[in-house]
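>>> Build me a model from this:
(2 chains)
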Amino acid sequence: MSGGQSILERPAAGFTLGARRLLASPLALKATAGIVLLGAWEGIVRALAPAYVAKPTGIARVFFTVIANEQFLAAAGATLGAVVKGLVIAIMLGTAIGLAMGRITVVERGLRYYVNSLFATPMIAVLPLVTLWFGYNADARLAVIVFAAFFSIAVNTCDGARSVPLEFLEVARSFRARPLSTLLDIVLPSSLPYLIAGMRLAAGRALVAAVVAEFFISIPGLGYYILFNSRTFKHNEAFVAVIALVAVGVSFEAMLNWVTRRYLPWARRD
Amino acid sequence: MGSEARWSRHVTVIVSLLAGAAVWEIAAYFTTRAFWAPLSETVGSLAESARSGVLTRQAMSSFQLYLTGLAAAILVGAPFGLLLARVRWLRVALENYIMMLYATPMVALIPFILSMMGYGFAPKALVVFLFAVFPILYNTVEGARSIRPELIEVAHAFRSREWQLWRDVMIPYTLPFAMTGIRQAIARGLVGMVAAEFFLSPSGLGQMIMMGSQNFDTAGLLAAILVIVVLGVGLMDFGRHLEARFASWRGHDK
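Next up, the predicted model:
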């Protein structure tokens, strides 16, 4: 995408010959930038910060020991498991409520204010309430994840169900399709692109929710791993968990993109 | 829309709000006070904290934190994003890293900030800043990627100077995208604000929620959450208006 428009574009001010040569291969340019950024991080931390602060060489030194560590793997598994479980629950509930809101006017009018307001609410705010309900355990984490993910899916599915082209519904009616097959064969597939957009949002929110819940409740997981190690001044080890979180987020995004391209060709919007 | 349809819509909305209030009130009588407080008590607690000045003081403290972080994010994110829009090699070099940071759950960095910067206003403002800055950068860069080279070529053909190019092409073209970023930043910054008030030195509305939960004062806890809900809805609406205001500038993309 970033490639083929260079012929028409004039070089900007400060465009050096070296950069021009690098621009010929964007990959080399990106790699150079990565090295410069890591070098700057390393240099600044070495010059200004105490020894325990995370720096690239320190992280690289502990990286493989940490990811082979049983405790770390258990933590990663716990967080990932909770996020996936929470997302599955949120997708099932959110799709059902979202479709009902999108197709049935009374449901939409009745729930709209509640769903929209809670969608706009930072879910961190309800965390203390949830721990009052569930106690300081893994159930509370799951509940916060579901709460964080549910509303973005419901809101998006509702938008999707409302934007089903009228012609499709008319054709279904003229063929006397039963309401259930209209729902499953027309409304649901046609809302899928919106559902995917909702899932993308929900996945990010669910990951944040899991980390925050682990900070708050102190149960095993990547969030707690970060908290525990940074408290004992093992920042390099803690940062490996941050990298793991980013990797989870990015791979989920990549997976959604792949599913969209492979199975939902009509969902391509850009 | 006929007046009858509008009338029936108003009725369903009012019925829905009344039903919600009734459920809130009645639910409290079927559970213990540690689980849920009736709406009447929640409103009473809200009125009490408003009367004693606690609510105003805590809300002002939260708002100061939120606005500081958000303003810093806009002041850094928008100009840097515009610079990346103009200097193409810098954008190609950095866009993947910006995307990665945009996808990073910033809450995960709070323990590092805590142990390096300790308690105080600055680390909390930094958290809000980190939550808010990357959506702005990311969206501005996305906008920059879609500037059609022909526009710049035409500007050059008419011998635009550098600042004219900025005024007539770069800024008008990138601003709507930056506004989408600012809308996202408004929402994320609020999450950052509450997270910072929970996990760094307790203050503001976050502290009100914490205190409600620690003292098993469920009415106070619900009252503070209600304030955050209202704040979230208001800010989201404001963000949408801001985005829609500039969306009409997006003449010819897609």
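
>>> Test my guess that B:F35 contacts A:L132.
Yes - at 6.7 Å, B:F35 and A:L132 qualify as touching, with contact defined as Cβ atoms under 8 Å. C-beta here means a position set from N, CA and C on the backbone, and glycine is covered the same way.

>>> what's the overlap in contacts for the two?
Residues touching both B:F35 and A:L132 by Cβ atoms under 8 Å, 6 or more residues apart in numbering or on different chains: B:T218.

>>> The lengthiest helix in chain A: what's the following helix or strand?
Criterion DSSP state H: the longest helix present in chain A is helix A:70-103. Next helix or strand after helix A:70-103 toward the C-terminus (DSSP states H and E): helix A:105-120.

>>> other SSEs contacting that following helix?
Secondary-structure packing of helix A:105-120 (3 or more Cβ pairs under 8 Å, 6 or more residues apart in numbering or on different chains; DSSP states H and E): helix A:70-103, helix A:138-162, helix B:3-27, helix B:218-247.

>>> Need those in JSON lines (columns: mean pLDDT, distance to B:L165 and mean neighbour count).
Listed next are the helices and strands packed on helix A:105-120 as JSON lines, based on pLDDT from 0 to 100; distance: least, Cβ to Cβ, whole Å; neighbours: other Cβ atoms under 10 Å in any protein chain shown:
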{"stretch": "helix A:70-103", "mean pLDDT": "95", "distance to B:L165": "45", "mean neighbour count": "19"}
{"stretch": "helix A:138-162", "mean pLDDT": "94", "distance to B:L165": "38", "mean neighbour count": "24"}
{"stretch": "helix B:3-27", "mean pLDDT": "84", "distance to B:L165": "49", "mean neighbour count": "12"}
{"stretch": "helix B:218-247", "mean pLDDT": "91", "distance to B:L165": "20", "mean neighbour count": "18"}
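
>>> Reformat those helices as CSV; add distance to B:P202.
Formatted as CSV, these follow (distance: least, Cβ to Cβ, whole Å):
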stretch, distance to B:P202
helix A:70-103, 25
helix A:138-162, 19
helix B:3-27, 27
helix B:218-247, 12
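
>>> Indicate which one of these is closest to A:L184.
Closest to A:L184 of the helices and strands packed on helix A:105-120 is helix A:70-103 (Cβ to Cβ; 10.0 Å).

>>> so does the closest one get close to chain B?
No - using Cβ under 8 Å from any Cβ of the partner chain, helix A:70-103 never reaches chain B; the gap is at least 10.7 Å.

>>> got a list of what the residue most central in space within chain A touches?
The centroid of chain A falls nearest to A:G204 when counting by Cα atoms, centre = their mean (2.3 Å). Contacts for A:G204 (Cβ under 8 Å, 6+ apart) come out as A:G249, B:A103, B:P105.

>>> does it count as helix, strand or coil?
Under DSSP: H, G, I helix; E, B strand; the rest coil, the three-state class of A:G204 is helix.

>>> and the angle for the longest helix of chain A with helix A:138-162?
30 degrees (axes from the mean of the first three to the mean of the last three Cα atoms, to 10 degrees).

>>> Just the buried positions in stretch B:62-79, please.
Across stretch B:62-79, burial judged by 16 or more other Cβ atoms under 10 Å in any protein chain shown covers B:S62, B:L65, B:Y66, B:T68, B:G69, B:L70, B:A72, B:A73, B:I74, B:G77, B:A78.

>>> What is the burial count for the nearest residue to the third one once chain neighbours are set aside?
What that stands for is B:Y66. Counting by Cβ to Cβ, 6 or more residues apart in numbering or on different chains, B:Y66 lies nearest to B:M193, which is 4.6 Å off, once chain neighbours are set aside. Using other Cβ atoms under 10 Å in any protein chain shown, B:M193 has 32 neighbouring residues.

>>> For B:M193, give its distance to B:L90.
31 Å (Cβ to Cβ, to the nearest Å).

>>> ditto for B:E243
Distance from B:E243 to B:L90, by Cβ to Cβ: 26 Å.

>>> again, but for B:A71
Distance, B:A71 to B:L90, using Cβ to Cβ: 24 Å.

>>> just B:L242 next, same as before
B:L242 is 27 Å from B:L90, by Cβ to Cβ.

>>> Same check on B:L67?
For B:L67, the distance to B:L90 - Cβ to Cβ - is 30 Å.

>>> Same question for B:G220.
From B:G220 to B:L90 the distance is 50 Å (Cβ to Cβ).

>>> same deal with B:P202?
Distance of B:P202 to B:L90, given as Cβ to Cβ: 41 Å.

>>> what do you get for A:L37?
For A:L37, the distance to B:L90 equals 12 Å [Cβ to Cβ].

>>> Compare neighbour counts for those two and give me the winner.
Between A:L37 and B:L90, counted using other Cβ under 10 Å, B:L90 has the larger neighbour count: 19 against 14.

>>> How about the contacts made by the residue of chain A most remote from its centre?
Going by Cα atoms, centre = their mean, the residue of chain A most distant from its centre is A:S174, 41.1 Å out. Going by Cβ under 8 Å, 6+ apart, A:S174 touches no other residue.

>>> Let me see the domain layout of the chain.
Here I'm looking at chain A. A:17-49, A:60-267 (automatic domain parsing).

>>> let's do chain B instead
Annotated domains of chain B cover B:1-30, B:37-247 [automatic domain parsing].

>>> State the pLDDT value of A:R173.
Looking at A:R173, its pLDDT is 88.

>>> so who does it touch?
Contacts of A:R173 (Cβ under 8 Å, 6+ apart): A:T182.

>>> B:M116 now?
B:M116 makes contact with A:A49, A:V53, according to Cβ under 8 Å, 6+ apart.

>>> in the stretch 151-270 of chain A, what residue is nearest chain B?
A:S230 (3.9 Å; Cβ to the nearest Cβ).

>>> how many neighbours does that residue have?
For A:S230, the tally of surrounding residues (other Cβ under 10 Å) stands at 26.

>>> give me the element it is part of.
Applying DSSP H and E as the criterion places A:S230 in helix A:222-231.

>>> and the angle for the lengthiest helix in chain B with helix B:218-247?
Ranked by residue count under DSSP H, the longest helix found in chain B is helix B:54-86. If you take the same axes, to 10 degrees, helix B:54-86 sits at 30 degrees to helix B:218-247.

>>> Specify the next element, helix or strand, located C-terminal of helix B:54-86.
Per DSSP H and E, the first helix or strand lying C-terminal to helix B:54-86 is helix B:88-103.

>>> Please work out the average pLDDT along that next one.
On average, helix B:88-103 scores 88.

>>> How far does it sit from its chain's centre?
In this view, helix B:88-103 has its centroid 22 Å away from the chain centroid, taken as Cα atoms, centre = their mean, to the nearest Å.
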